[in-house]
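Peer 1: Got a predicted structure here, sequence first:
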Amino acid sequence: MAEEPRYLIDPYQEWAAREGVPIVKGFGVDLLAVDVRPWARKGAGGAIVQLDGRGDFADIHVIEIPPGGETAPQRHLYEEVIYVLDGNGSTVVETPGGERRGFEWRTSSLIAIPLNARYQHFNGSGRRSARLASVTDLPLVLNVFRNEAFVFENPTVFPERFGAEQHYRGDGTFIPTRPGRHMWETNFVPDLRTFELREWSARGAGGSNIMFVLADGTMHAHISEMPVGTYKKGHRHGPDFHVFAVTGEGYSLYWYEAERELRRFDWKHGGVFAPADRLYHQHFNVSPEPARYLAIAFGSLRYPTVADKLATWMGMDVSVKEGGRQIEYEDEDPLIREIYEGELRKRGIPSRMHEVVPA
C-alpha cells in the first residue's frame, strides 16, 4: 500500500522530538526550575524550551553541566547566544587557525559562539551544577536546509565571525550612534549585572540600555535597566524576543490592541518570556533595586535580516501615533499606572513616576 503523502512538515520539530529531552512550552517559564534529562548530543543534561512568542526562527536550549563536568565538543551551522543562569566555569573556542581561546564565566555572563566554531563548556565547580540558556536560530536553519549532517557536521569555517582576541577576555568595542542604539561589540560579557549602560530616556523613566553586536552575528541581544520606582513605556514588535530577568524583580503586562484585559507575567532571575507577534507589553520594576532584563532575538541592529526587525529598530521609541511601536505614558490606560502604584505601596517602595508624568 502506498504511503500517505506527507505535508505541513516541520523538520525542526521532528528533530526536537528525536533528541529525547523535555520540550517545555508556555508564555514564560522559570529556567532554573526546568527539568533536564541526559542530552547525548550535548554531553550534559538538557531541555528544549519553545515559548509561545518564539516565532519561526528561535528556540532555547537549557544545558546543565554536572559538578566537575564538561559538555561534548560542539560545532553547528546555527548561531546561539548563551546566558549563564547559575554557576561558574569556562568555555574554549577553537579558531580556524587552531588557536584555542578560553574564557571564564559566571552567573549572568553573556557568551556568543562564532558561527560553526568548535567549542566546549566546562563546569568550574566540583560541588555545584552549572546551568546555561542558549537562544538559537536552529529552527530557521533546520527548516531551510532539512539536513542534519549539513547543520551539525559541516566543516565550513567563517573566519570573519571570530572577532578580536580581546573580545574573549571581556573587552569590547563601543560603537556610539544615538540613544537606544549605542552598541558594544564583543564575544563575551563577564557580568550583565554590572555592565555599564547608556541613558535612553525616550524609552521610559530614567532608563538605560546597550545593544550588543555578538560574534558579528545575526542574533541580537540588548540589556535594559529600570531604576527603582519606575516602569517602561508600553510597546510591541514582531515575535522571537526572548526576555530574561537579570536583576531585581518585577512583572510585565501584555495585551493585544483590541483587548481590554491586561494579562500578567511576574519575573525574577531565571524567568524568561517571549511576547507574541504584535502583542503590546510593558515592564515594571517592583524591587528596591534597579531591575535589568536581557532580550535576545533573531535579527540584530547591525543585520536586521527581516523587514519586521528593521521596522522595530527604526520605530522602537517612536509613538504609535507617529507610526512607531511605542505607547507614550500620557496615552496609556490609566489602570496601568494604578496597578503599579498599588504594587509599590504593598512593598513600601516610593514611586518615581510623578517625576516623569503627573498621575
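Peer 2: On my side now, so go ahead.

Peer 1: what's the burial count for Lys233?
Peer 2: 20 (other CB atoms under 10 Å). (C-beta placed from N, C-alpha, C; glycine too.)

Peer 1: Just want the phi and psi numbers for Ile175.
Peer 2: phi -120, psi 100 (degrees, to the nearest 10).

Peer 1: Distance check, it against Pro239.
Peer 2: 27 Å (CB to CB, to the nearest Å).

Peer 1: With Ala58 instead?
Peer 2: The value you get for Ala58 to Pro239, if CB to CB is used, is 8 Å.

Peer 1: between these two, who's got more neighbours?
Peer 2: A direct count of neighbours by other CB under 10 Å for Ala58 and Pro239 places Ala58 higher, at 29 against 22.

Peer 1: Now the more buried one. Nearest residue, chain neighbours left out?
Peer 2: Nearest residue to Ala58 in three dimensions, chain neighbours excluded: Asp240, at 4.5 Å (CB to CB, 6 or more residues apart in numbering).

Peer 1: swap in Gly180?
Peer 2: When the adjacent residues along the chain are set aside, Gly180 lies closest to Trp200, with 4.6 Å between them (CB to CB, 6+ apart).

Peer 1: shouldn't Ala44 be in contact with Glu64?
Peer 2: Yes: Ala44 is within contact range of Glu64, at 6.1 Å (criterion: CB atoms under 8 Å).

Peer 1: domains for this structure, by residue range?
Peer 2: 11-164, 166-355 (automatic domain parsing).

Peer 1: Distance to Glu3 for the ones you listed - can I get that in CSV?
Peer 2: Listed next are those as CSV, based on distance: least, CB to CB, whole Å:
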stretch, distance to Glu3
domain 11-164, 16
domain 166-355, 34
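
Peer 1: got the ones you listed as JSON lines, with mean pLDDT and distance to Pro5 columns?
Peer 2: Compiled in JSON lines, the domains of the chain are given as follows (pLDDT from 0 to 100; distance: least, CB to CB, whole Å):
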{"stretch": "domain 11-164", "mean pLDDT": "97", "distance to Pro5": "16"}
{"stretch": "domain 166-355", "mean pLDDT": "97", "distance to Pro5": "30"}
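
Peer 1: Strands along the stretch 101-250 of the chain, start to end?
Peer 2: For the stretch 101-250 of the chain, the strands defined by DSSP state E, counting those that start in this stretch cover 110-113, 118-123, 130-136, 173-175, 183-186, 188-189, 198-199, 208-214, 219-226, 234-235, 242-247, 250-255.
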